[in-house]
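> Got a predicted structure plus its sequence, pasted below:
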Amino acid sequence: MINKDKKLNTEAYKGVRDFFPADMAIEKSIFDIWRNVCNQYGYEEYNASVLEPAELYIAKSGEEIINEQTYTFTDRGDREVTLRPEMTPTVARMVAARKRELLFPLRWFSIPNLFRYEQPQRGRVREHWQLNVDIFGINSINADIEAINMAYDITRAYGLKDTDFEIRINNRKLMNYVTRDVFGLDEETAQKISKLIDKKGKLKPEVFEQGLRLALLGSVDSKSKETRPFGGVNSSPQTLKGIGEEISILADSIDNMVKKFLALLNSQNFEEFTTRLPQTKEEHVGLKEIRSVIQGLEGLGITNVRFDQTLMRGFDYYTGIVFEIFDLNPINKRSVFGGGRYDDLLSLFGNEKVSAFGFGAGDVIARDLMETYKTLPTLSPVADMAICVIGEQNMPYSLDLAQSLREKGIRVIVDITNKKLGDQIGYADKKGIPKVVCIGDEEVKTGKVKVKTLSSGDLVVVNSEDIVK
């Protein structure tokens, strides 16, 4: 039962934001940066509903996203629906739906509203706006380079210099090769370890090592369950001795694997990492692609790029190059934004594979960056001129004058409060409006008005039709 007498709370829902006009002006400037860069590269804008079937995210992002991070509910038609936590599944669905009608390659972007049930913290909220950029139909590494180049341009447009940030890249093909070929792990264990590696920078070394050990132990243990002699309480001494020897061998094996894994993951650079791999596989395709992307970006003058073997990106759909941009200022200790290649996603809809590369950039961290580097835009006044009205009888003339000025491109606000003239001028000054015109009986009679510049106090008398000049 709703208590209608209870006063409602004025605070917004936890983890979301109210955009007052000053905040909205900054938000618009961020959107303008995104749109300008995308337009410069010839990308087209699209959009879609915030509601999607929950199965779309289970199939594409994994059940962890649905169970822990989404706003999912059952609608009145008994359908499971999710407020979109990301845009990539939606754009994949849209492309799959009209694949035969679309002209490839596609260069698309959108600025959707996204929802994630997360713990609010600096740079992370439960509702945000995000630029999504995707290129479909280009299998070449040149698509990867183009997208990362765009991400670089956006970061520069925020006001950062090359020395303020770095672009970190890795390749899921390479990491799949490491986990499955080099270490011989099954797919389930490889996936667990990949997710653990993705969190390595946020975990204490001993915690990460323990997680790695447990994942590897589970893999080795599951392989040997059927063949291992497993004695009970009444087992013979010989059987128990065999089990002890097996446990000892297993522990040594796990220790060896952990040491090799840590050596790879703690490599200081690309060269050191590759030398720790089997030399016969040194030219694995994942390594080649990383080299090609780094060289391609360097050819464009982008030199703040480095290989990061711990960069995995959490989503299961990535198939090749992945990247993230990191601010080097300790105030923002997290990824700014990132993305990667996902060539298999459209096949979830029964379509043949379509090559794709995309990235996302959030508005929250964009504002954090611009605040950190003091590059937030200076807010412009709401109008170019304020018309102050002296006497209600002069309101029609003032409104007509304002309309004629608007038709000539001047932004005009008319004070319709009937307050004292000093209060009207004071309001215009506080709003940052640079010029005022005061309309009284004399101005209406003669058609001559006084245009005052508030910052200097300069006063110019002109015919009303000459105000624009």
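Yes, it's here.
> what are the pairing partners of the longest strand seen in the chain, and which direction each?
Longest strand in the chain by number of residues, with DSSP state E as the criterion: strand 127-136. Strand 127-136 sits in its sheet next to strand 106-110 (antiparallel), strand 113-115 (antiparallel), strand 356-362 (antiparallel), going by DSSP bridges.
> Next SSE downstream of it?
The element immediately downstream of strand 127-136 (helix or strand, assigned by DSSP states H and E) is helix 141-157.
> low pLDDT regions in the stretch 201-350 of the chain?
Applying pLDDT under 70 to the stretch 201-350 of the chain flags residues 218-251, 279-283, 314-315.
> Strands along that one, start to end?
Chain-ordered strands for the stretch 201-350 of the chain, with DSSP state E, counting those that start in this stretch as the definition, fall at 305-307, 321-327, 335-341.
> Could you look over the strands paired with strand 127-136 and pick the most buried one?
The highest average neighbour count among these, using mean count of other Cβ atoms under 10 Å, belongs to strand 356-362 at a mean of 24. In this view, the C-beta of every residue, glycine as well, is placed from N, C-alpha and C.
> Can you list the neighbours in contact with that strand?
By Cβ atoms under 8 Å, 6 or more residues apart in numbering, the list of residues contacting strand 356-362 from outside reads 34, 86-88, 91-92, 123, 128-138, 143-144, 147-148, 150-151, 154, 321, 323, 336-343, 345-346.
> Could I get the buried residue list for the next helix or strand along the chain from it?
Sequence-wise, the next helix or strand beyond strand 356-362 is helix 363-372, with elements assigned using DSSP H and E. Of the residues in helix 363-372, those scored as buried under the neighbour-count criterion (16 or more other Cβ atoms under 10 Å) are 363-370, 372.
> contacts for helix 363-372?
For helix 363-372, contacts defined as Cβ under 8 Å, 6+ apart pick out 26-27, 30-31, 33, 122-125, 128-130, 155, 158-160, 327, 329, 331-332, 334, 336-337, 375-376.
> quick one: that helix to strand 335-341, angle?
Between helix 363-372 and strand 335-341, the angle comes out at 140 degrees (axes from the mean of the first three to the mean of the last three Cα atoms, to 10 degrees).
> Report the inter-axis angle for helix 363-372 versus helix 141-157.
Note on geometry: by the same axes, to 10 degrees, helix 363-372 and helix 141-157 are set 50 degrees apart in direction.
> got a list of what the closest residue to residue 91 other than its chain neighbours touches?
The spatial neighbour of residue 91 that comes closest, neighbours along the chain excluded (Cβ to Cβ, 6 or more residues apart in numbering), is residue 134 at 5.6 Å. Residues near residue 134 by Cβ under 8 Å, 6+ apart: 88, 91, 106-109, 356-358.
> thinking again about what came up before, Throw the strands of the stretch 201-350 of the chain into a markdown table and include distance to residue 352, thanks.
Compiled in a markdown table, those are given as follows (distance: least, Cβ to Cβ, whole Å):
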| stretch | distance to residue 352 |
| --- | --- |
| strand 305-307 | 32 |
| strand 321-327 | 22 |
| strand 335-341 | 17 |
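> Turn those into TSV, columns for mean neighbour count and distance to residue 262.
Listed next are the strands of the stretch 201-350 of the chain as TSV, based on neighbours: other Cβ atoms under 10 Å; distance: least, Cβ to Cβ, whole Å:
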stretch	mean neighbour count	distance to residue 262
strand 305-307	18	17
strand 321-327	24	21
strand 335-341	23	23
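> Please name the bridge partners of the residue nearest to residue 335 when sequence neighbours are not counted.
Beyond its immediate neighbours in the sequence, the residue positioned closest to residue 335 (Cβ to Cβ, 6+ apart) is residue 324, lying 4.2 Å away. Each beta-bridge partner of residue 324 is listed here: residue 168, residue 338, as defined by DSSP bridges.
> Kindly report the same for residue 131.
With DSSP bridges as the criterion, residue 131 is bridged to residue 361.
> That one and residue 30: what is the separation?
Per Cβ to Cβ, to the nearest Å, residue 131 is found 9 Å from residue 30.
> go on, residue 263?
Residue 263 sits 42 Å away from residue 30 when distances are taken as Cβ to Cβ.
> hang on, the earlier thing: in terms of contact, does the residue nearest to residue 335 touch residue 318 like I think?
No. Under the criterion of Cβ atoms under 8 Å, residue 324 is not in contact with residue 318, lying 11.7 Å apart.
> Buried by neighbour count: which residues of stretch 290-297 qualify?
For stretch 290-297, the buried set under the neighbour-count rule, 16+ other Cβ under 10 Å, comprises 290, 292-294, 296-297.
> swap that for stretch 201-219, please
Neighbour-count burial for stretch 201-219 flags 208, 211-213, 215-217, 219 (criterion: 16+ other Cβ under 10 Å).
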